[in-house]
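>>> Provided below are the primary sequence and the corresponding predicted coordinates.
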Amino acid sequence: MKAVVFMGERKLEFLEFADPAPGPGEVVLEIKASGMCGSDLKFYRAAKNGSQALGLGPTSGPVIAGHEPCGVVAAVGAGVGTREAPIGARVMVHHYKGCGVCQHCRVGWSQLCAEGIVVYGVTGHGAHARFMKVPASTLVPLPDALSFETGAAISCGTGTAYGALRRLNLSGRDTIAIVGQGPVGLSATQLAAAMGARVIALDVSAERLARAAAFGAIATIDPAAGDPVAAIKDLTHGLGADLTLDTSGAPAGRLVAVRGARTWGSVCFVGEGDSVTLDVSRDMLRKQLTIIGSWTFSTTGQAECAGFVADRKIAVDDLFTHRWRLDQAVEAYRLFDAQSSGKGVFLM
Ligand SMILES: [Zn+2]
Ligand SMILES: [Zn+2]
C-alpha cells in the first residue's frame, strides 16, 4: 500500500509499505478517515526527525503519518476476543502503546507509560494509509451515530479539547477564554458552549474567529488588534475569565491565557512545543492561580468524549473545511500549513 510519510522541511512522500498482518493481540483496521491535527504541523515543519522535537522519542526508518485514525476492524490476530474487536466493528484508536502492565497503562493512560511508548502516526505507523495495525487494547468503539470523520477528530484534536475542559472542571457557570481557534481551539469552543459556558475566542485569523462565533463563542478577540488581556477583562466585569485555555502553544498566547484568568482562576495548556516566561509573583502567586498541563486523554476519556458528542448531537463534522483523498496529501498539508483554514481529513 502507498502511505504518507513526513520527510521534514515541509516535504512529504508517498512510500510503498507492505500491507500489515496482525500478530498476537493485534488488529488491522481498514482506515475510513484519517484526520490532520495541529501537532502534525510540528512534524511536517521539522528540520529532521520531528518526533524528537516534541520529546516523543526516536524513530527508526520512515513512519506512516496520521494520528487521528478511524475505521473498521478488517483482521484480528491470535488471542483477540470477538467482543474486543469484532470484524467490521466501527472503531477509533487511542493512538499510543505502552508496556500494558504499569499503573498508567492499566487505567488507559498508556501515553504516560515510563517504559517507553509508541505514538502512532509519529513513532509508529499511523493512519495516512489504507490499513493500520494496532494492539486490540487501543481500540475505542465509535458510536453508530457518529461519522468516521467525527471519530477521527475525537481521536486527537476534539478529544484533546474535551480532555482539557474536563481537567478544568468547566461548568455552565464559567466564562472561558480560549486562545487559538485552530482545530483544537475550535473544538473546545464548540464543546464548552455545549456544556453551557460563555466562551471568549481568541485568534489572529479573521476566518477562524468567524468560525468560532458560528460555533457558539459569545465574543471574539483578535490579539493583534489591541491588548487581548484588557479585552478579556472588558467582557468579564474587569475580573478576567474564570478559566482560560491555550491551544496555540505560542509564548505570547500562553501569557494571554495566564494574564487573562481571574484571581482564583485556572489556566490549561494543551498547545505543544515552545515555552513561556512568567512573572511568578505577579502572574501566579498574587492571583492564587492554578496552571494545568493536559496531554490528550485516556481510552475511557476518548469513549466519554464520543458519547458526549453523540448524545448532544454536536456537529463535529462542521470542523472540517476540507475533505481530501490521500493522494492529495501534498496540497492538503500545504494549505493546513497556512493555519487560516479549518480542519482537514483524508477519507478512504
Ligand atoms: Zn506502561
Ligand atoms: Zn494530535
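Nice, I can see it. Ligands and ions are numbered 1, 2, ... in the order given.

>>> give me the beta-bridge partners of V140?
M92 (DSSP bridges).

>>> so it sits against Q302, correct?
Yes - counting by C-beta atoms under 8 Å, V140 does reach Q302; the two are 4.7 Å apart. (Glycine included, C-beta is placed from N, CA and C.)

>>> these two: which is more packed in?
Q302 (28 against 24; other C-beta atoms under 10 Å).

>>> can you pull the contacts of F269?
Listed by C-beta atoms under 8 Å, 6 or more residues apart in numbering, the contact set of F269 reads D246, R254, A257, V276, I291, I292, G293, S294.

>>> could I get these in CSV, plus columns for neighbour count?
Putting those into CSV (neighbours: other C-beta atoms under 10 Å) gives the following:
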residue, neighbour count
D246, 29
R254, 24
A257, 31
V276, 18
I291, 19
I292, 15
G293, 10
S294, 17
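
>>> tell me which of these fall in helices.
Among the contacts of F269, DSSP state H puts R254, A257 in helices.

>>> now tabulate the contacts of F269 in CSV and tack on pLDDT and distance to ligand 2.
Formatted as CSV, the contacts of F269 follow (pLDDT from 0 to 100; distance: C-beta to the ion, whole Å):
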residue, pLDDT, distance to ligand 2
D246, 98, 15
R254, 98, 18
A257, 98, 19
V276, 97, 20
I291, 98, 21
I292, 98, 18
G293, 98, 15
S294, 98, 13
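
>>> distance of A201 relative to D317?
Shown here: A201 relative to D317, a distance of 20 Å by C-beta to C-beta, to the nearest Å.

>>> can you pick out the most distant pair from the contacts of F269?
Spatial extent of the contacts of F269 (C-beta to C-beta) is set by the pair V276 and S294 at 15.1 Å.

>>> contacting residues around the one residue in the stretch 1-150 of the chain that gets nearest to ligand 2?
Going by C-beta to the ion, ligand 2 is nearest to C37 of the stretch 1-150 of the chain, at 3.1 Å. Contacts for C37 (C-beta under 8 Å, 6+ apart) come out as H67, E68, C156, G157, P183, V184.

>>> which phi and psi does the nearest residue to it once chain neighbours are set aside have?
The spatially closest residue to C37, leaving aside those adjacent along the chain, is C156, at 4.6 Å (C-beta to C-beta, 6 or more residues apart in numbering). For C156, the backbone dihedrals are phi -150, psi -70 (criterion: degrees, to the nearest 10).

>>> what about the helices in the protein?
Going by DSSP H, the chain shows helices at 38-45, 50-53, 103-106, 148-154, 157-167, 183-194, 206-214, 228-234, 251-259, 299-311, 329-337.

>>> I'd like to know which of those has the weakest mean confidence.
The minimum mean pLDDT among the helices of the chain belongs to helix 50-53 (a mean of 54).

>>> show the model's pLDDT score for the closest residue to ligand 2 within the stretch 51-200 of the chain.
Using C-beta to the ion, C156 is the residue of the stretch 51-200 of the chain that sits closest to ligand 2, at 3.3 Å. pLDDT recorded at C156 is 98.

>>> hang on, C305 packs against F297?
Yes - the pair C305 / F297 is scored as a contact, 6.7 Å apart, by C-beta under 8 Å.

>>> which residues do the two both contact?
G159, Y162, G163.

>>> any idea what K133 is bridged to?
If you apply DSSP bridges, the partners that K133 bridges to are V28.

>>> give me the neighbour count for it.
Applying other C-beta under 10 Å, we find 19 residues neighbouring K133.

>>> over to F6?
30.

>>> what's near enough to touch it?
Taking C-beta under 8 Å, 6+ apart as the test, what F6 contacts is L12, D40, F43, Y44, A46, G50, V63, A65.

>>> so what would you say the end-to-end distance of stretch 60-78 is?
26 Å (C-alpha to C-alpha, to the nearest Å).

>>> oops, could you answer that again for stretch 324-344 instead?
Rule used - C-alpha to C-alpha; the end-to-end distance of stretch 324-344 is 7 Å.

>>> now do stretch 60-68
Taking C-alpha to C-alpha, stretch 60-68 runs 21 Å from one end to the other.

>>> for the residue of the stretch 51-200 of the chain closest to ligand 2, what are its contacts?
Counting by C-beta under 8 Å, 6+ apart, C156 makes contact with G35, C37, S39, H67, E68, H95, T296.

>>> quick one: least confident helix or strand in this structure?
The helix or strand of the chain with the poorest confidence is helix 50-53; it has a mean of 54 (mean pLDDT, DSSP states H and E).

>>> what sits against the spatially most central residue of the chain?
The centroid of the chain falls nearest to G157 when counting by C-alpha atoms, centre = their mean (2.2 Å). For G157, the contact set (C-beta under 8 Å, 6+ apart) comprises G35, C37, G38, E68, P183, V184, S187, L319, K343.

>>> point out where the chain drops to low pLDDT.
49-55, 58 (pLDDT under 70).
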